[in-house]
Structures are given as structure tokens and as C-alpha cells.
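Q: I would like to see how this sequence folds:
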Amino acid sequence: MRYALLFPGQGSQYIGMCKDLIEQYPVAAGVFEEANDALNMDIRSLILNGNLKELTQSDHAQPAVVAASYALFRVFQEQVGAAPDCMAGHSLGEISALIAAEALSFANGVSYARKRGAIMQRVIQENKGRAGIVVDMKEEVLDNIIESIQGNDYVAISGYNSPNQFIVAGNQTALRKLDEEVSKLGGDFIPFRMMPMKADAPYHSALMAYLKPELEEALACVSFAQTKLDVWSTVTGKIIEPTDSIPTILSNQLILPVKWNQVLTKMSDAGVQSFIDIGPQQITRHLVKENALLPVCFSFDDEEDRIQILSLLKKEALT
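A: Below is the predicted model of the structure:
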């Protein structure tokens, strides 16, 4: 069976994530010990016993999700013993995928995630724009709406989650107009401010461009190597090649949309027969389900799914 691992982004965090893994698997507990050392803070205690508001701050949420995702990956790696065909990550999840592919160390990756989160948090504090999700609408219809309200206002698709679900970013005036037009045509706009775990900020859009030099400076402190497994970038929509600049791809995350649905479709077209969500809260699994043309997706964070995945892959290894 050809399968791909999927890593989620910010917004998948929750209090108590990976608690059962830490208790059952020493390798998972070790990941959080390494995260504590790399970050010089007790991220494990925040994840297990903290409060959601503090965990949801971008400078905490981003390293926490990377740590949880890598802990799940290490358990998967230890239990399965075989490499996946390829991987992809949604926004922040691309860092987790690159760590899993050994393009950078976990310590460097989780430290960069914290810096990335702190930089991105500033756009919220400075009120540079907002974001939300449009559901139950085709891409071409949404494109027409955006074109009709562009002018002095700014709004753009910042994430392609599924054929009928899109993240949009813009200034408040443009998003109010978008809400009205989307409703008229039968869709629904849900502002991120109404979603407790989401950062209400215009990530992956031109409104973030002024922070790009700071992100590039943070990336200059990270050592990168060639990926040892195929990683699909949701920035370029392609597999990251040895000739590609990983720092350039990661800095462009700030201003370019997340091509999630496009990458999943290309993976499926390339022969991937199933997906495995390697992250907290089954976020990427739900997004896969949004596209009826994609293969099945299991969640490694779900105990029943985890048992089923391990059984299937171990049986396959014996045949």
C-alpha cells in the first residue's frame, strides 16, 4: 500500500494532546524532553496542564504542534519501521514534515517554530488584518466575488483546504463585503475570531509581507540538509527537490496561499492509496474527507485508528 503522512498546522493544538503517547511510549516522552531543552521552557507542562488561551498564542501553539506531531511521527516510525512514500504539511506542518524527512533537526525545527510564531503573532497585535473560512462554495465563484470587491480594500484566498472550503485573508472592510456576497450566493463565511483555537490573522497573504525579512533572518540561523523522503510543499505545489531552497520556500509561506487541496490531489494522482494524519486533533483527516475524490485518511492521534494502521502496515510488511 502506497501511503503518505500528513502534518497539521496551527489550530490543531489542544490541552492534553499526546498524553496517552507520553505514558505509553518512551520515545514520545523523549521528544517533549528535547523540546523543553531546545525551547528553554516547559512546553510539555503547558500542553498537558496549561490553559488553552496561553497554548493558543502563536509563539506557544506553533512549537507545541510541531512537538506533538513529531512525537506521533516517532511512535509511528518506531512501531512501523518502514518509511512512507511521501509527506506533506499544512502551513506550519511543512516544518514537521521537513523534520521527519531529516531536512533539519527537531531541536532546530521546534526552536524555529517558536520564532515563527512570535513573528506571526505581531500581525495580530498590530491589527494588520483578519481571516476566516468560506465553506459551501466553488473556487471560481469565490474568485469572482473577490475580484468584484477588490479596490482600495484587500482580500485574497490564503488557503485551499478542499474543493468547497477556503481560508481568506484581508482587511476588515473587505471581509465584511465578502461575508455579504458569499451569503447572497449560498455560501457561509466563518470569521476566525469565532473559532477559539484559530489565530485571527491574515497569514499566507500579502498583508504579511512586512514581516518577511524577520522570518528570513530567523531561517538564516537554521541548518538545512537535503530531504531523505519526498516532501510535497504546499507553497509550490510540488515535491521539494535538492536544487530547491528550503529557506526560500518557508519564508514564502508567509505571503503565499497554502495549496493543500492541490497537493493532496497530486499525491493521489501519483499513486498514493491512503493518507495518515500525523498530528493532534485529526485536522488533516477532516480536510481529506472534504474531497470525495481522495483516498481514505486515518488518524494516528486516534487510538482505534492507530491500532488499525499498525495492524495493516505490519501485515503488509510480512507479505
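
Q: Where does pLDDT dip in this structure?
A: Low-confidence regions of the chain, defined by pLDDT under 70, span residues 194, 196-197, 317-319.

Q: now do 50
A: Residue ranges of the chain with pLDDT under 50: 318-319.

Q: longest single helix anywhere in it?
A: Secondary structure assigned by DSSP state H gives helix 58-80 as the longest helix of the chain.

Q: Domains in the protein, by residue range?
A: As assigned by automatic domain parsing, the chain contains the domains 3-125+205-318, 130-194.

Q: Would you mind finding the most buried of the ones you listed?
A: domain 3-125+205-318 (a mean of 19; mean count of other C-beta atoms under 10 Å). For the C-beta atoms, the positions are set from N, CA and C on the backbone; glycine is no exception.

Q: Let's see stretch 217-234 as CSV, backbone CA atoms only.
A: Coordinates of each C-alpha in stretch 217-234 appear next as CSV, following Å, rounded to 0.1, in the frame of the first residue of the first chain:
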residue,chain,number,x,y,z
GLU,A,217,16.6,36.3,9.5
ALA,A,218,15.3,33.5,11.7
LEU,A,219,15.7,31.0,8.9
ALA,A,220,19.3,32.1,8.4
CYS,A,221,20.1,30.6,11.8
VAL,A,222,18.8,27.1,10.9
SER,A,223,20.9,24.4,9.2
PHE,A,224,19.1,22.6,6.4
ALA,A,225,20.0,19.4,4.6
GLN,A,226,18.5,17.5,1.6
THR,A,227,15.3,15.7,2.4
LYS,A,228,15.7,11.9,2.8
LEU,A,229,12.0,11.4,2.0
ASP,A,230,9.8,13.1,-0.6
VAL,A,231,8.1,16.2,0.9
TRP,A,232,5.4,18.0,-1.1
SER,A,233,5.4,21.7,-0.5
THR,A,234,2.1,23.4,-0.1
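
Q: Okay, Ala156 and Val134: tell me how far apart.
A: As judged by C-beta to C-beta, to the nearest Å, Ala156 and Val134 stand 12 Å apart.

Q: can you check Trp232 too?
A: 24 Å.

Q: Check Phe192 too.
A: 12 Å.

Q: try Leu313
A: Distance from Leu313 to Val134, by C-beta to C-beta: 37 Å.

Q: before we move on, what about Leu21?
A: Noted for Leu21: a distance of 34 Å to Val134, by C-beta to C-beta.

Q: you'd agree Asn161 is in a helix?
A: No: in this structure, Asn161 is strand, not part of a helix, as judged by DSSP: H, G, I helix; E, B strand; the rest coil.

Q: Hmm, Lys259 and it touching each other?
A: No: when contacts are counted by C-beta atoms under 8 Å, Asn161 is not listed as touching Lys259 (10.2 Å).

Q: Next, show the common contact partners of Ala156 and Val134.
A: Val168 (C-beta atoms under 8 Å, 6 or more residues apart in numbering).

Q: Show the contacting residues for Ile240.
A: With contacts defined as C-beta under 8 Å, 6+ apart, Ile240 is in contact with 98, 103, 227, 230-233, 246, 249.

Q: So it versus Ile99, what's the distance?
A: Counting by C-beta to C-beta, the gap between Ile240 and Ile99 amounts to 13 Å.

Q: Am I right that Val296 is in contact with Ser274?
A: Yes: counting by C-beta under 8 Å, Ser274 is a contact partner of Val296 at 5.3 Å.

Q: neighbouring contacts of stretch 179-198?
A: With contact meaning C-beta under 8 Å, 6+ apart, stretch 179-198 is reached by 11-14, 52, 56, 130-137, 141-142, 145, 148-149, 168, 175, 178, 199-201.
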